[in-house]
Structures are given as structure tokens and as C-alpha cells.
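Enquirer: Dropping the sequence and predicted coords here.
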Amino acid sequence: MTERSSVHDTFVIDRHFKAAPGRVFNAFADQNAKAKWFGGPDMKHEDEVFEFREGGRESVVFVQDDGTRFGYHVTYTDIVPDERIVYTYEMTMNGQRISVSVATLEMRPGQGGGTDFVLTEQGVYLDGLDNPAQRRQGTEDLMNALDATL
């Protein structure tokens, strides 16, 4: 029998990107731009869906070399071009749900140029299959990859 648990956490990541808010927004809104930094080039991508609009869905399954499958399934809730994106998403591992989160991305023109960027994530991590420290580190790694492509 599986022991059930729920761990709740909120984290905030503040970044300054040298690129303008429109370019940062586009890195999330355009499928080709997002493919340059999201996920890993060393993982196979399967079952991709990309509908960037309010009520739209994004979904992809990342397959690691050892066959482990991580699913990322998004519903976009609020989109304000060049300013804000709010979405809910769940992560799965080999078909089993490991977390459910609400993410808010905020972009503002920075003093002296660029973009002040704030990502707030509120998540619940399920049954010991994921945890806040791993998620925060993974998100920090994604923001580093985003910065490198901007």
C-alpha cells in the first residue's frame, strides 16, 4: 500500500534579464523560443501540445536515457502580453502525479533597461515523489537556461 502525503510550499525567484519584457514574454509564448531553453536537450520529447492562450494547454513528456518519463501538463489561466502569465500545472513521473502547482510570472521594465522578472510558485508535492527543494532547484536551472538564450 502506498503511503500518501502532501507537502505544500511557496517559493519566489527574482531575476533581472538584460532583454526587454517583450522578448522575455516571447520566450514563454512562442513554442520555438521556449524549446531553446525549456527541458533538456539530452531528453527525448514526446506527446507535445502547445496552445499558448487563456484556457489553452501545454503538455510534453520528457523521456530520460534510463526510460523514466516526466510529464508536464499546463493550463494557462491568465495572460497579459509582456507583463504576466499565470498557469496551473501538474508533473507526473511514469504516469503517476507527483505535484500540482500554480505559477505566476511577472515581467516589468527594469531601471536602466532589461526586465525585472518574478516567478512565484505555490505547489503541493505528493506522496514523497517530489519535494520543494528539488522543484526550486529545477526552476532555478530553467531560469539560468532562459537567461543564456536571451
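Expert: Ah, there it is.
Enquirer: sec struct for Ala27, please.
Expert: Secondary structure for Ala27, judged by DSSP: H, G, I helix; E, B strand; the rest coil, is helix.
Enquirer: now it: how far from Arg57?
Expert: For Ala27, the distance to Arg57 under the criterion Cβ to Cβ, to the nearest Å works out to 19 Å. Quick note: C-beta positions are derived from backbone N, CA and C, even for glycine.
Enquirer: between the two, which one's more packed in?
Expert: For the pair Ala27 and Arg57, the greater number of neighbours falls to Ala27 (19 against 15), based on other Cβ atoms under 10 Å.
Enquirer: list the contacts for that one?
Expert: For Ala27, the contacting residues are 33-34, 36-37, 146, 149-150, by Cβ atoms under 8 Å, 6 or more residues apart in numbering.
Enquirer: by contact count, what packs against the top strand by length along the chain?
Expert: Assignment by DSSP state E gives strand 96-109 as the longest strand of the chain. Using 3 or more Cβ pairs under 8 Å, 6 or more residues apart in numbering; DSSP states H and E as the contact criterion, the secondary-structure elements in contact with strand 96-109 are helix 21-29, strand 84-93, strand 115-126.
Enquirer: Just the C-alphas of it, formatted as CSV.
Expert: Coordinates of each C-alpha in strand 96-109 appear next as CSV, following Å, rounded to 0.1, in the frame of the first residue of the first chain:
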residue,chain,number,x,y,z
GLN,A,96,1.9,8.9,-11.6
ARG,A,97,1.1,12.5,-10.5
ILE,A,98,4.0,13.9,-8.3
SER,A,99,3.0,17.5,-7.9
VAL,A,100,0.4,20.2,-8.7
SER,A,101,1.4,23.9,-8.8
VAL,A,102,0.2,27.4,-9.6
ALA,A,103,2.9,29.6,-11.2
THR,A,104,2.8,33.3,-11.7
LEU,A,105,5.4,35.0,-13.9
GLU,A,106,5.6,38.8,-13.7
MET,A,107,7.7,41.0,-16.1
ARG,A,108,8.4,44.7,-15.6
PRO,A,109,10.7,47.1,-17.4
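Enquirer: export the helices and strands packed on strand 96-109 to JSON lines and tack on distance to Arg69 and mean pLDDT?
Expert: Output for the helices and strands packed on strand 96-109, formatted as JSON lines (distance: least, Cβ to Cβ, whole Å; pLDDT from 0 to 100):
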{"stretch": "helix 21-29", "distance to Arg69": "23", "mean pLDDT": "98"}
{"stretch": "strand 84-93", "distance to Arg69": "7", "mean pLDDT": "98"}
{"stretch": "strand 115-126", "distance to Arg69": "17", "mean pLDDT": "98"}
